[in-house]
Each structure stands twice: as C-alpha cells, then as structure tokens.
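[1] Mind looking at a prediction? Sequence and model below.
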Amino acid sequence: MKVKLLYTTGNNDILETTWDKPEPEKDEIEVKAVMTGVCSSDVAMYDGKFTTLPKEIQGHEGLGMVTKVGSLVEANMGIAKGDIVATRGEPGFADYYNAKQGTFVKVPNKADPKYILEPVACGINVANAVYNHSEDKEQSIAIIGTGFLARVTHYTLKRNGYKNFTVCGNAYPEYWDKQGVIKTTHNQIEGGFDAFIDFSSKQEYMLGDYVNENGLYVLAAEKTVDNMDFSKYLWKNITIKCPSPRDETFIQSMRYARECIKSGSLDVSDMWEKAYNKENAQTAFENKLNGIDKGRTYLLWLS
C-alpha cells in the first residue's frame, strides 16, 4: 500500500515522500493517522541535535483509526475496524502505518488530543522508575523541569502517596502553585535528594552532586554529557535509570494513562496547546523549536 509520509533529514526541513507500507502481520493492526504529537525528540532531530532516524520510523505519538486487523489481534483483543487507538510506534508521520500488539491501546471512540497517550505514558513510566526503586513515600524527590512530562510524573507519584517534592522550572506556574510544592531555580537547587528526576538537557545535573547514597538518578531526557566520571555513582550506590517507551512494560503505562484521563482524574487538556494541519508541519516544528509554542502541539491528518 503506497501512502504519503513526512520526514526530516535533520537540516530544518520537512519533506514528503511516497512510502510502500507493508501489509499488517497477524499480530498487527493498520492505523489511519488522525493526530500525531510533535515530540521534543522529533524537533531535536529536525534541528540536527538528535540522531536522524530512517524516514520509516519518524513520528511516534500516534492517535488513529483502525482500518485492518491481524487475525491474532482480533482473536485476543477484540479490536475492530473503525476503533480509535493510541499508538506508541512508527512511522506516526505517515497517512497509514502498522502497530504491533503491545504498542497500542483502544481509547473512547472519539479523536480527542487528550488521548494521544504516548507522551502521557512517558511521564507515568518515569514515575514507575521511582516507586520501583523505593516505596518510601517520605523520600525527597527533585523534578528538574515543570512541563508536560513533569506534571504527569508528579501527578502519578502524588497519586501513589509520595509527598516531598522540589521542582525546578518556569512552565505551568499555576499548576505548581496549586500543588504547594517547593519551587526553586536552576541556580539555587542544591543536593540531598533520594530521587532526582532530570527532564533537562543540562549536563551539569548529571555532573553535579544532587543524589543521596543509595538514591536514584532518573535520566528522563536526551542529553550529551562530556567527560563523565561515574565513580561518585558507584561509591554512593546510586542507581541510574533511563526509562524508555521501548520497555515491554510501557504498554501498562499507556493503559494507566487512558484510565486516568478517561476518569477525569488526570486533566491534560491544557497541555495540548495547538493543532497544525499536516501541510503546515514545518511551521509546527519551527514554532516549537523557537519557543513560540510552549505546550504540546500535534499534527492533524485530515485526508
């Protein structure tokens, strides 16, 4: 099946090509794209700061309509043509793509950006790293960053009983003020944390001394760190976690995200700032790159 596909070469460009999409396997569904989130890693790839992936695996925050169902999926999951699914997989920047079992969840039958679940599940997956490391609800937790992912991570940890948070950042001030957490700045934050969640691209956090002995450092965003000496992590028995959507348990985070959003206990409506028609994809990337769009943005596939 020949479909249109958008991609970047890493030179601040968005190109369109025709892609020969394979037929879905028995354990796959075919998805017609409806909305695709623009992730910070997509923008970094567009700007040449992140490894340029093959065009067939660009775009991963998908929401679409099921158009074909593999026999194993139909037998095990009750997915039918016409269902709306949130996907974690590539290429989300294509008109149609395949999604394997374990990379999608069915959502309420309405194409609503709040059900672009992959980025929400990323925040939940980061929270999982904390309580899989320690169930001590009194432990001190730093969250570097106050944006979309930080909010979801905080929500998830708070819902599971964690109490002592310090956050560092400027996004969504009204949300963080309502939460009553300790707020600080990049220049003022000091050490002494049991769990340190780093959503920044700043190398100084990993090079600094912020985590207590037997603590946890969560590397929650792409970054390059020069001249890294891991000896302090070794001698203080600090665990470094790199939570990723590639983890086979990530589907559980997607299901949890769906239920939290569906119940209304997690409100992400204000985090999805703007929609762009796919014909204006380059504008979406440029506006995100230049800080014009502060919240999450997504592409609409209207054809």
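    Received it, and whenever you're ready, just let me know what you need.

[2] Measure how buried the nearest residue to Pro108 once chain neighbours are set aside is and give me the count.
    Among residues not flanking Pro108 along the chain, Lys262 sits closest, at 6.5 Å (C-beta to C-beta, 6 or more residues apart in numbering). In this view, the C-beta of every residue, glycine as well, is placed from N, C-alpha and C. Counted with other C-beta atoms under 10 Å, the neighbours of Lys262 add up to 13.

[3] what's the distance between Lys262 and Gly82?
    Using C-beta to C-beta, to the nearest Å, Lys262 is found at 19 Å from Gly82.

[4] Kindly report the same for Ala99.
    As judged by C-beta to C-beta, Ala99 and Gly82 stand 15 Å apart.

[5] who has more neighbours, the two?
    Using other C-beta under 10 Å, the more surrounded residue of Ala99 and Gly82 is Ala99, with 25 against 9.

[6] Show me the contact partners of the helix or strand of the chain with the lowest mean pLDDT.
    Every helix and strand of the chain was ranked by mean pLDDT, DSSP states H and E. The lowest is helix 71-77, at a mean of 79. Helix 71-77 has contacts (C-beta atoms under 8 Å, 6 or more residues apart in numbering) with 26-29, 79-80, 101, 106.

[7] could you redo the last one with a cut-off of 6 Å?
    26-27, 29, 79, 101 (C-beta atoms under 6 Å, 6 or more residues apart in numbering).

[8] Alpha carbons only: can I get it in CSV?
    The C-alpha trace of helix 71-77 is given here as CSV (Å, rounded to 0.1, in the frame of the first residue of the first chain):
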residue,chain,number,x,y,z
SER,A,71,-6.1,-12.4,13.0
LEU,A,72,-4.2,-12.7,16.3
VAL,A,73,-5.1,-9.2,17.4
GLU,A,74,-8.8,-9.8,16.6
ALA,A,75,-8.8,-13.1,18.5
ASN,A,76,-7.0,-11.8,21.6
MET,A,77,-8.1,-8.2,21.9
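
[9] coming back round to it: highest neighbour count among the contacts of helix 71-77?
    The most crowded member of these, judged by other C-beta under 10 Å, is Ile29 (28 neighbours).

[10] how close does that one get to Asn98?
    Counting by C-beta to C-beta - Ile29 and Asn98 are separated by 7 Å.

[11] before we move on, back to that, and what about the residue nearest to Pro108, helix, strand or coil?
    Here Lys262 is helix, with the state taken from DSSP: H, G, I helix; E, B strand; the rest coil.

[12] what sits against the residue nearest the centre of the chain?
    With distances taken as C-alpha atoms, centre = their mean, Pro119 lies nearest the centre of the chain, 2.8 Å away. By C-beta under 6 Å, 6+ apart, the contact set of Pro119 is 37, 61.

[13] Tell me the buried residues in the helix or strand hosting it?
    Element membership of Pro119, judged by DSSP states H and E, is helix 117-133. Neighbour counts over helix 117-133 (16 or more other C-beta atoms under 10 Å) mark 117-131, 133 as buried.

[14] And for stretch 219-227?
    The neighbour-count check on stretch 219-227 (16+ other C-beta under 10 Å) flags 219-221 as buried.

[15] Low-confidence ranges, the chain, go.
    75, 303 (pLDDT under 70).

[16] can we see that at 80?
    In the predicted model of the chain, residues 74-77, 302-303 satisfy pLDDT under 80.

[17] Now the residue of it most remote from its centre. Its backbone dihedrals?
    Most distant residue from the mean C-alpha position of the chain: Trp235, 31.8 Å away (C-alpha atoms, centre = their mean). Main-chain torsions, Trp235, degrees, to the nearest 10: phi -70, psi -20.

[18] Return the distance of it relative to Val167.
    Between Trp235 and Val167 the computed distance is 28 Å (C-beta to C-beta).

[19] With Lys178 instead?
    Distance, Lys178 to Val167, by C-beta to C-beta: 12 Å.

[20] More neighbours: those two, which one.
    More neighbours surround Val167 than the other of Lys178 and Val167, with 23 against 9 (other C-beta under 10 Å).

[21] Packing partners of the helix or strand hosting that one?
    Val167 is part of strand 164-168 when elements are defined by DSSP H and E. Helices and strands touching strand 164-168, by 3 or more C-beta pairs under 6 Å, 6 or more residues apart in numbering; DSSP states H and E, are strand 140-144, strand 182-184.

[22] Show me what the shortest one is packed up against.
    Right, strand 182-184. Using 3+ C-beta pairs under 6 Å, 6+ apart, the elements in contact with strand 182-184 are strand 164-168.

[23] and what of the first one?
    Secondary-structure packing of strand 140-144 (3+ C-beta pairs under 6 Å, 6+ apart): strand 164-168, strand 193-198.
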